[in-house]
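J.: here's a sequence, model it:
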Amino acid sequence: MRRLTRGLLALLLFVMSFAGVGDANAAATKKGHTVVLALGRKVAYSRTGDPAGAQPGEDSLTIRALLVDGVVKEWTTGASHDVTDRSFVVRRAIRLNDALPEDKTSAVAGAGKWVWQRGPWLLVDRVAGHVTALKLPDYDPGVSQVSWFRDYAAYCGLTSSGKSLYAVVAQLAARKAVLAKKLAVFDPQNHADPVCAVPEWQREPMRVTFHPTGKEDAAYDLVAGSAVLVEDSDDDAETGGN
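T.: Alright, predicted model coming up:
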């Protein structure tokens, strides 16, 4: 009887060990995500469709699908920037229905007058598969041309009143801008296009130079700090995938 009991116990432990391996493999499968930016394709684009974002004479926009586990999560445009070895930022492209209520196409289900617009920046976590829209301080899609360095974004920004042009440096996950300095008064009806060229970064000492059109360049030294971007742990990634 004792030999039979020991045999049953051994068999039970053997089966449980395989069950544990199966659970571990299942957990590992849940944690893994495939994040890909697809090949680009051109779409019609104009100032009529995107008054704030289209450059003079620009008639097309190159867009790429952001795929998470083979599913299109967003459409993007422009180059991406690796923030860490697992997170990157890329600008969203928005497909907007421009049909008026009286347009005949608006009465047909699924129909519409679709136009493309440049949207906000997205933060993408390759491990967790999360996609988050960034809210950069004083960011304006028609004015702000973002230059990335590490987890910092430098750009010309507009205040909420739309009357002041600022030099802005934002750090991902920080509540306030690292730098916010007034560059000039802004006239929404009469201003240069583009308003600013893309800012330039320098590593040592850490410095960023802004180029407002028609104004003198403005350079600012920054005190380099540790990255404040907190990425999800593997456990959080597994939970988020359920």
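
J.: tell me the centre residue of the protein?
T.: residue 122 (1.3 Å; C-alpha atoms, centre = their mean).

J.: contact partners for that residue?
T.: When contacts are counted by C-beta atoms under 8 Å, 6 or more residues apart in numbering, residue 122 touches 66, 74, 76, 89-92, 131-134. C-beta here means a position set from N, CA and C on the backbone, and glycine is covered the same way.

J.: would you list these in TSV and tack on secondary structure?
T.: Formatted as TSV, the contacts of residue 122 follow (DSSP: H, G, I helix; E, B strand; the rest coil):
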residue	secondary structure
66	strand
74	strand
76	strand
89	strand
90	strand
91	strand
92	strand
131	strand
132	strand
133	strand
134	coil
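
J.: of the residues you listed, buried ones?
T.: 66, 74, 76, 89-92, 131, 134 (16 or more other C-beta atoms under 10 Å).

J.: looking at these, spot the one nearest residue 156.
T.: residue 91 (15.9 Å; C-beta to C-beta).

J.: how far away is the nearest residue to the closest one once chain neighbours are set aside from residue 124?
T.: Of all residues not flanking residue 91 in the chain, residue 78 sits nearest, at 4.8 Å (C-beta to C-beta, 6 or more residues apart in numbering). Per C-beta to C-beta, to the nearest Å, residue 78 is found 14 Å from residue 124.

J.: who does the one helix or strand residue 95 maps to touch, helix- and strand-wise?
T.: Using DSSP states H and E, residue 95 sits within strand 87-97. Packing contacts for strand 87-97, counted by 3 or more C-beta pairs under 8 Å, 6 or more residues apart in numbering; DSSP states H and E, involve strand 60-68, strand 71-82, strand 114-125.

J.: which residues of this protein fall in strands?
T.: 35-37, 41-44, 60-68, 71-82, 87-97, 114-125, 131-133, 147-149, 152-158, 164-171, 179-185, 196-202, 207-212, 218-221 (DSSP state E).

J.: give the buried residues for the fourth one.
T.: Going back to what we said before, that points to strand 71-82. 73-78, 80-81.

J.: which helices and strands sit right next to that strand?
T.: Checked by 3+ C-beta pairs under 8 Å, 6+ apart, strand 71-82 has strand 60-68, strand 87-97, strand 114-125 packed alongside it.
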